[in-house]
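Need a 3D model of the sequence below.
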Amino acid sequence: MLIKPNRRDILRLAAMAPAFALPALSLATPARAQLGAPGIDNPAHFHFTIGAAKITILSDGFFSMPTSGLGVNADPKEVQSLLEQHYLSPTEGYSHTNHMYVELGEAKVLVDVGSGTRWLPTAGRLLANMEAAGISPDAITHVVITHAHPDHIWGIRDEFDEAIFPQAEYIIGETEHSYWTQDGLVDKVAPEAQQFVLGAVNSIAAEGVEWTLAAEGHEVAPGIRLISTPGHTPGHMSLVVESEGKQVMALGDSMSHAVLNFAHPEWFNGFDSDGAQTVATRQSLLDMAAADKIAVLGYHFPFPGVGHVLKAGETYEFLPALWQFQG
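Down below sits the predicted model:
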């Protein structure tokens, strides 16, 4: 059942909504050599293969937020300097939203469902981009939710509060599900996080959704498994696809910045629920991806967000994968 805030709750949330949402709508400060927005839309899907697995990256749009939430355990000047060195605005971040769609055997798996119409006007474009890519919502057999933040789960239901993909099996980490559905959580978090809680609970409780609660190593389908990657949220999960000896991993938000997370894996962000755990998880993922040559997808990396991890001494680099046209 949906949480129905009383009038007092609604007024309180409405009062804090501008502080929560408006910074994300500001335009990024131009940096030298930064490309401008196009006059027409760019393609919003990208196809490739891993062994026998067909992978499509689908965009849900983008959003901008202040960079003050990045690297909160580091000197802000050092963070801003590193951003500027990489031709990025030192004050406003620009985040893409890259969803993985996997076709392997009989399984057709979508990772996360975007933010729908309930968050920011620059996001919520997943369904339109699925149509543009020729993917029918009715074809999806499994929906995996990496974690229950707005841009990953709020798109789970339509305007009638019913599931967008009612025929699919919905999978979320058991720890993640337990965290967001615990009694009284909305009163335990900071005021600015209360919208997150209400939105997560209402999304998890969407009509027509029956949850499979997953733990480390859960097999979504043959060749597709989940791994536990906590820190950003308590029960965050990532997805690994393996076929014919090749692997690709959808990181969710266990890594969220294609520059900072690699150059300084010891830095964490203000929106990570457990900074120390986030760093430990990230270090493990970087080591694994570099050593085992696992391709990675960063949800908030520059579209399409697919690449490789290069170990460079004590740090790392993200190498965008080479695009290929049809042979």
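
Would you mind measuring from the closest residue to residue 259 other than its chain neighbours to residue 321?
Leaving out its chain neighbours, the residue that sits closest to residue 259 by CB to CB, 6 or more residues apart in numbering is residue 86, at 4.9 Å. Backbone N, C-alpha and C define where each C-beta goes, glycine included. Remark: distance between residue 86 and residue 321 (CB to CB, to the nearest Å) = 18 Å.

before we move on, what about residue 219?
Using CB to CB, residue 219 is found at 26 Å from residue 321.

Name the next helix or strand downstream of the helix or strand that contains residue 262, please.
Using DSSP states H and E, residue 262 sits in helix 260-263. Following helix 260-263 in sequence order, the next helix or strand is helix 275-292 (DSSP H and E).

contacts for that next one?
Helix 275-292 has contacts (CB atoms under 8 Å, 6 or more residues apart in numbering) with 72-73, 229-232, 236, 238, 247, 249, 251, 254-255, 261-262, 265-269, 272, 294-296, 308-311, 316.

at 6 Å what do you get?
The contact list for helix 275-292, computed with CB atoms under 6 Å, 6 or more residues apart in numbering, reads 229-232, 254-255, 265-266, 268, 272, 296, 309, 311, 316.

Mind checking which of residue 86 and residue 321 has more residues around it?
residue 321 (16 against 11; other CB atoms under 10 Å).

residue ranges with poor pLDDT in the chain?
Applying pLDDT under 70 to the chain picks out residues 1-33.

any idea where the strands of it begin and end?
Using DSSP state E, the strands of the chain run over 45-50, 53-66, 92-104, 107-111, 142-145, 169-173, 211-214, 219-221, 224-228, 237-243, 246-250, 295-297, 306-312, 315-320.

Which elements pack onto the last one?
Helices and strands in packing contact with strand 315-320 are listed as helix 260-263, strand 306-312; criterion 3 or more CB pairs under 6 Å, 6 or more residues apart in numbering; DSSP states H and E.

Quick one: closest of these to residue 167.
Comparing the helices and strands packed on strand 315-320 against residue 167 with CB to CB, the closest turns out to be strand 306-312 (27.9 Å).

quick one: that closest one to strand 53-66, angle?
Angle, strand 306-312 to strand 53-66, by axes from the mean of the first three to the mean of the last three CA atoms, to 10 degrees: 70 degrees.

that older thread, please name whichever of the strands of the chain is nearest to residue 190.
strand 53-66 (16.8 Å).

what residues does the closest one touch?
Counting by CB under 6 Å, 6+ apart, 23-24, 28, 44-48, 92-99, 101-104, 114, 120, 122-123, 125-126, 129-130, 133, 241, 243, 303-304 sit against strand 53-66.

Neighbours of residue 294, how many?
Using other CB under 10 Å: residue 294 sits among 19 other residues.

Which residue ranges of the stretch 51-200 of the chain form helices?
Using DSSP state H, counting those that start in this stretch, the helices of the stretch 51-200 of the chain run over residues 76-85, 126-132, 150-153, 174-181, 194-204.

just the CA coordinates of the shortest one, formatted as PDB?
Extracted in PDB, the C-alpha atoms of helix 150-153 (Å, rounded to 0.1, in the frame of the first residue of the first chain):
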ATOM      1  CA  PRO A 150      15.000   8.200  -7.200                       C
ATOM      2  CA  ASP A 151      16.800   7.900 -10.500                       C
ATOM      3  CA  HIS A 152      16.900   4.100 -10.300                       C
ATOM      4  CA  ILE A 153      13.500   3.100  -9.000                       C
END
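
what sits up against it?
97, 112, 115, 119, 145-146, 199, 203.

swap the cut-off to 8 Å and go again
60, 63, 97, 112-115, 118-119, 123, 145-147, 195-196, 199-200, 203-204, 252-253, 299.

Same check on stretch 301-317?
44, 46, 48, 57, 59, 96, 98, 248, 257-258, 262-265, 286-287, 289-290, 293-299, 318-321.
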